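1. Just need the structure, nothing else, for what follows:
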Amino acid sequence: MDITWWGFAALAAAATLVGFSKTAVSGANTVSLAVFAAVLPARESTGVLLPVLIAGDVLAVLTYRRHAHWPTLWRLFPAVAAGVVVGTVFLVWADDAAVRTSIGAILLLMAGVTIWRRRGGTDGAKKDGAAESGGPEPSRGRLRARSYGVLGGFTTMVANAGGPVMSLYLLSAGFQKLGFLGTSAWFFLIVNMSKVPFSAGLGLIDRQSLLLDAVLVLFVIPGAFIGKVCVNRIHQRLFERLVIAATVLGGLQLLLR
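-> Residues are numbered from 1 along each chain as shown. Alright, predicted model coming up:
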């Protein structure tokens, strides 16, 4: 890959942000996605970014593994698997412009729905997000889980942009910071690992991309450490606003490129 020193510096900064997002503000790595797509060809950038994300997922699981809510994960996985398959088929024929437009529109739509629901007082764990209590989830909640799951699988396969979609789902289910981060960490470690064969089969991961990843992964570690230090200083309401803001920013970046 023909990368300038400035380009490599941008990729290193984006890798650091991946680590930070995995242990502090999930969804912020949509900025990293945009940086990778700007420095590298958009389609190939997803294959380079995936191992970097997996490294961040491993660090997040090591940090928050005890806070995951597995009933929520098991509800999501079947729908996510369907979304990954749809995303793989989409990648076979879609060009970069179609990918960017589709993902950007989905992110902005999900952010708008989440803001509307929260302002209308229809969210929260006490109402229909029985996620952390482990209680039975209403049929409306199951439908929402399936909808977000399919969208999350599709966006994570197509552009590694599933973080904001799942972040919005976990917020809507009433998760607090640690439960949010623990559930998200396990979710993306499992999902991203399952994507490797698909990405390799599409030619998005090869020996050359892995050599670049071997260097970029070193920058994920300090980002994860900084995120772990910062997360306890972020108030819950500020945390939720940062997640939504990162989602909107990522969506706009994809649409306006």
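
2. Give the burial count for Leu210, as a bare number.
-> The burial count assigned to Leu210 is 12, neighbours taken as other C-beta atoms under 10 Å. Every C-beta, even on glycine, is put in place using the N, C-alpha and C of the backbone.

3. From Val52, how far off is it?
-> Counting by C-beta to C-beta, to the nearest Å, the separation of Leu210 from Val52 is 11 Å.

4. and stretch 51-59, how far from the chain's centre?
-> With C-alpha atoms, centre = their mean, to the nearest Å as the basis, stretch 51-59 stands 11 Å off its chain's centre.

5. Please verify my assumption that Val86 contacts Thr155.
-> No: with the criterion set as C-beta atoms under 8 Å, Val86 and Thr155 do not qualify as a contacting pair; they are 10.4 Å apart.

6. more neighbours, those two?
-> For Val86 and Thr155, the more surrounded residue by other C-beta under 10 Å is Thr155, and the numbers stand at 26 against 16.

7. name the element that one belongs to?
-> For Thr155, the host element (DSSP states H and E) is helix 139-159.

8. Report the inter-axis angle for the helix or strand hosting Val89 versus helix 139-159.
-> The secondary structure element spanning Val89 is helix 70-93 (assigned by DSSP H and E). The directions of helix 70-93 and helix 139-159 differ by 40 degrees, with axes from the mean of the first three to the mean of the last three C-alpha atoms, to 10 degrees as the criterion.

9. how many other residues sit next to the closest residue to Arg75 other than its chain neighbours?
-> Nearest residue to Arg75, sequence neighbours excluded (C-beta to C-beta, 6 or more residues apart in numbering): Ala145, at 4.9 Å. A total of 22 residues lie near Ala145 under the criterion other C-beta under 10 Å.

10. Gly19 too?
-> Using other C-beta under 10 Å, the number of residues around Gly19 comes to 28.

11. What does the pLDDT read for it?
-> Gly19 is assigned 93 on the pLDDT scale.

12. wait, doesn't it sit right on Val220?
-> Yes: Gly19 is within contact range of Val220, at 4.0 Å (criterion: C-beta under 8 Å).

13. any common contacting residues for these two?
-> Ala55, Gly56, Leu59 (C-beta atoms under 8 Å, 6 or more residues apart in numbering).

14. Go through the residues you listed and say which is closest to Leu171.
-> Compare each of the shared contacts of Gly19 and Val220 with Leu171 using C-beta to C-beta and the shortest gap goes to Gly56, at 19.8 Å.

15. list the contacts for the closest one?
-> Contact criterion C-beta under 8 Å, 6+ apart gives Val18, Gly19, Ser21, Lys22, Thr23, Asn29, Val220, Gly223, Ala224 as the residues in contact with Gly56.
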